[in-house]
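**Q** Any chance you could fold what I've pasted below:
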Amino acid sequence: MKTPISRLRTVGIYEGISYLLLLGIAMPLKYVFDMPLLVKYVGWAHGVLFVLYMVALLQVVLVHRWSLWKAAAGVIASLLPFGPFILDKKLLDKEEAAAQASRQKQMA
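**A** Alright, predicted model coming up:
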């Protein structure tokens, strides 16, 4: 997690997993089996990870001067159940490769 993009990728994976756990396990347990306790803890963890994701996204937007479209894609990705994974595959792979190429160019 040395670069802003790698931090966003890492936090995005955890945020995406927490969202899937919340929607796929905790919420059904609450509403189908009347077991609300898991929603409290998974929801709290997801909330913290969501805030960390937004902070990491803001850092990437500022450092890499992302366009409004890319920034909006990052926000929208956080709201969709599989969004962080799709963002990671479609956008962040390219961004990280470009950043690595730039660093290698500077070192040469």
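
**Q** residue ranges with poor pLDDT in the chain?
**A** 1, 108 (pLDDT under 70).

**Q** center of it, which residue is that?
**A** What sits nearest the mean C-alpha location of the chain, by CA atoms, centre = their mean, is residue 12, with 2.1 Å.

**Q** buried sites along the one helix or strand residue 78 maps to?
**A** Assigned by DSSP states H and E, residue 78 falls within helix 68-79. Using 16 or more other CB atoms under 10 Å as the test for burial, helix 68-79 gives 70, 73-74, 77-78. Placement of C-beta: from N, CA and C, glycine included.

**Q** any idea which of these is the one closest to residue 54?
**A** Of all those, residue 54 sits closest to residue 78, with 7.2 Å by CB to CB.

**Q** The residue nearest to the centre of the chain contacts residue 82, doesn't it?
**A** No: counting by CB atoms under 8 Å, residue 12 does not reach residue 82; the two are 11.2 Å apart.

**Q** From the contact counts, what lies against the helix or strand hosting residue 13?
**A** Per DSSP H and E: residue 13 is located in helix 4-21. Counting contacts by 3 or more CB pairs under 8 Å, 6 or more residues apart in numbering; DSSP states H and E, helix 4-21 is packed against helix 37-64, helix 68-79, helix 83-87, helix 93-107.

**Q** Swap in 7 Å and give it another go.
**A** Applying 3 or more CB pairs under 7 Å, 6 or more residues apart in numbering; DSSP states H and E, we find helix 4-21 packed against helix 37-64, helix 83-87, helix 93-107.

**Q** what's the most buried one of those helices?
**A** Comparing the helices and strands packed on helix 4-21 by mean neighbour count (mean count of other CB atoms under 10 Å), helix 83-87 ranks first with a mean of 20.

**Q** pull the CA atoms of it into CSV?
**A** Extracted in CSV, the C-alpha atoms of helix 83-87 (Å, rounded to 0.1, in the frame of the first residue of the first chain):
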residue,chain,number,x,y,z
GLY,A,83,-18.7,-2.0,-7.9
PRO,A,84,-15.3,-1.9,-6.2
PHE,A,85,-14.3,-5.1,-7.9
ILE,A,86,-15.3,-3.9,-11.3
LEU,A,87,-13.6,-0.5,-10.8
